[in-house]
Each structure stands twice: as structure tokens, then as C-alpha cells.
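Colleague: here you go, sequence then predicted model.
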Amino acid sequence: MARKEKEVFVNELTDRLRTNNNFILTDYKGLNVEEMTDLRNRMNKIGCEFKVVKNTLARLAMKNLKLESLIEYLRGPTAIAVEKTDIIVATKTLVDFSRQHQNLKIKGGFLEGHVILPQEVESLAKLPSKEVLLAQVCLSLQRPIVRFYGVLQGLGRNLIFLLDAIRKKKPEEVKEE
């Protein structure tokens with residue numbers, strides 16, 4: 001790769017990582033071409049780019065982004081999974097793949113401005129998907145409203161029973177006088 005090509009690659013990688021604020025660094029040593037193709041296809045299906053990078057060029061991109069703390073992860077064969085839509089789905093895909101193929105190792109990553117460790121990536125993979133989390137939030141917001149409605153309904157029902165009891169009792173009182 002000529003110097004000019006390397007500069008273009010570093011600039012493109014820097015821009016890609018800057019615009020997609022979430023990415024995961026992996027070690028793919030030991031994966032064959034078929035397994036790498038399978039992983040790339042899985043990642044592409046979910047809108048995530050999986051790209052093998054040279055560590056020296058990735059280090060330059062990290063320096064451009066002022067992410068020097070990630071440079072320590074750039075040893076050995078490195079591929080970067082750049083998330084474009086949902087980081088939870090991307091982490092689930094990578095963690096599932098690494099369970100099926102022991103050669104894929106998660107080195108760490110970057111999530112919303114913070115460096116994350118491999119254990120944290122695995123914890124992210126255990127979270128429910130974005131849609132499930134949104135549904136849970138909606139349900140938790142709905143619960144108090146439903147309970148309040150039930151209380152109001154109960155008050156109205158009790159008022160009706162009270163008025164009905166008074167109505168039934170009144171004719172008896174009138175007869176006695």
C-alpha cells in the first residue's frame with residue numbers, strides 16, 4: 001500500500017469511526033476465509049461493517065480521534081466492527097459468533113464516548129434488543145395510568161352502590177313514618 005493510499009485509508013477510517021460513535025475491536029486470528037465471510041455477511045445483514053485493519057493505520061486513526069486509550073488493544077490481528085444502527089444487535093452477533101467460533105476474540109470497544117472492556121461487550125450482548133427495551137419502558141409508563149384508571153373506576157362503582165343502597169333504603173323509611 002503506497003503512502004497516499006495509507007493516508008486515504010486512515011482518513012476514511014477516522015471519519016467512519018467519528019460518525020459511527022460505537023465500534024468493537026476483535027482478534028480474528030485462526031478464522032478461515034469461509035468463517036470470515038460468514039461473519040461479514042452476518043454483520044452486513046444487521047447494518048454493521050466488519051473490516052480488517054492494519055494496526056499501524058488504526059493507531060493513527062485512534063490518535064486522530066484522541067482515543068489513545070484504545071491503542072493498547074491494537075496488537076495482533078485486528079478487525080473493527082463499526083455499528084451503524086444498533087450496538088446491542090452488533091454485540092449480540094459478535095458474541096454469538098465468538099461462542100460458535102472460539103478463534104474470534106473480543107478485544108474491547110468504544111461506546112458513546114467510553115472505552116469498554118471485553119466483559120462489558122458481553123454484558124451488552126445480554127441486554128434485550130432496542131425494541132424490547134422500548135416496549136418495557138412503555139409498559140412501565142402505562143402501569144400507573146392503568147392502576148389510576150382502576151381506582152377511578154372503583155370509586156365510581158362504589159358511589160353507584162352507595163346511591164343504590166340509599167335508594168333502596170329510602171322507600172322503607174318513608175313507609176315507617
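Modeller: Happy to help now that I have it. Here the structure is a predicted model, which means the values were calculated and not measured.
Colleague: now stretch 124-140: buried residues?
Modeller: By 16 or more other Cβ atoms under 10 Å, the buried positions in stretch 124-140 come out as 124-125. C-beta: built from backbone N, CA, C; applies to glycine.
Colleague: confidence score at Lys92?
Modeller: The model reports Lys92 with a pLDDT of 90.
Colleague: so for the helix or strand where Met62 lies, mean pLDDT?
Modeller: Counting by DSSP states H and E, the element that carries Met62 is helix 55-64. For helix 55-64, mean pLDDT is 91.
Colleague: using PDB, write down the CA coordinates of that helix.
Modeller: Extracted in PDB, the C-alpha atoms of helix 55-64 (Å, rounded to 0.1, in the frame of the first residue of the first chain):
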ATOM      1  CA  ASN A  55      -2.800  -1.900  13.500                       C
ATOM      2  CA  THR A  56      -0.400   0.900  12.500                       C
ATOM      3  CA  LEU A  57      -3.100   2.600  10.400                       C
ATOM      4  CA  ALA A  58      -5.700   2.000  13.100                       C
ATOM      5  CA  ARG A  59      -3.400   3.600  15.700                       C
ATOM      6  CA  LEU A  60      -3.100   6.700  13.500                       C
ATOM      7  CA  ALA A  61      -6.900   6.900  13.300                       C
ATOM      8  CA  MET A  62      -7.200   6.500  17.100                       C
ATOM      9  CA  LYS A  63      -4.700   9.300  17.600                       C
ATOM     10  CA  ASN A  64      -6.700  11.500  15.200                       C
END
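Colleague: and Lys130, how far from Ile88?
Modeller: Separation of Lys130 from Ile88 (Cβ to Cβ, to the nearest Å): 6 Å.
Colleague: show me the helices in the protein, by range?
Modeller: Assigned by DSSP state H, the chain shows helices spanning 3-19, 33-45, 55-64, 87-100, 118-126, 130-176.
Colleague: mean pLDDT for these: which is lowest?
Modeller: helix 130-176 - the lowest mean pLDDT of the helices of the chain, at a mean of 80.
Colleague: domains in the protein, by residue range?
Modeller: Per the record, the chain has its domains at 3-127, 128-177, by automatic domain parsing.
Colleague: need the nearest residue in space to the most centrally placed residue in the chain, chain neighbours excluded.
Modeller: Centroid-nearest residue in the chain, with Cα atoms, centre = their mean: Ile88, separated by 2.7 Å. Excluding the flanking residues, the one nearest Ile88 by Cβ to Cβ, 6 or more residues apart in numbering is Leu127, at 5.4 Å.
Colleague: touching, the one you found and Leu133? I think so.
Modeller: Yes: between Leu127 and Leu133 there is a contact under Cβ atoms under 8 Å: 7.3 Å.
Colleague: I appreciate the help and will end here.
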